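*Asks:* here's a sequence, model it:
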Amino acid sequence: MKTITHPLFIVLAIIYAVYYGLKQTDLVFPVLVSNYLADLLSIFLVNTFALWSIRKIKNKPNLELPIPLVLLSVIMFSIFFEYILPQKSPIYVYDPWDVLCYAISGAGYVLWRRI
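*Replies:* The predicted structure is shown next:
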């Protein structure tokens with residue numbers, strides 16, 4: 001199955017790019033969008049790009065990321081962005097809902113790759 005050329009990945013990447021670009025302006029987003037959109041897309045986009053990279057490096061076009069590796073990415077994002085960074089900088093704030101968003105993103109990725 002396609003990775004970064006798949007229409008779903010392209011649409012989600014465009015949504016994220018437009019969101020990130022508009023975030024640099026003074027435009028005010030609804031709270032749910034500004035707080036959770038990037039988190040809902042993060043694992044999906046990062047794992048898809050990682051899969052594409054691994055496939056290119058290993059020259060294995062049918063390789064898929066195993067579920068434990070996707071779970072590991074959810075755990076690593078959660079620890080880094082919700083535990084480590086909030087201790088290092090006041091810009092970052094712990095939000096347990098972000099962890100749920102990472103999990104939803106990971107589950108969406110797994111479902112997309114398995115269907």
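
*Asks:* going forward, measure contacts and count neighbours with C-alpha atoms only.
*Replies:* Noted.

*Asks:* spell out for me which residue occupies the centre of this structure.
*Replies:* A centroid search over the chain (C-alpha atoms, centre = their mean) returns residue 42, at 1.4 Å, as the residue closest to the centre.

*Asks:* can you pull the contacts of that one?
*Replies:* Contacts for residue 42 (C-alpha atoms under 8 Å, 6 or more residues apart in numbering) come out as 102, 105.

*Asks:* that one: which element?
*Replies:* helix 31-58 (DSSP states H and E).

*Asks:* and for whichever helix or strand comes after that helix, what's in contact with it?
*Replies:* Next helix or strand after helix 31-58 toward the C-terminus (DSSP H and E): helix 67-79. Outside of helix 67-79, the residues within contact range by C-alpha under 8 Å, 6+ apart are 43, 47, 98-99, 102-103, 106, 110.

*Asks:* quick one: work out the angle between helix 67-79 and helix 31-58.
*Replies:* Put simply, helix 67-79 runs at 130 degrees to helix 31-58, going by axes from the mean of the first three to the mean of the last three C-alpha atoms, to 10 degrees.
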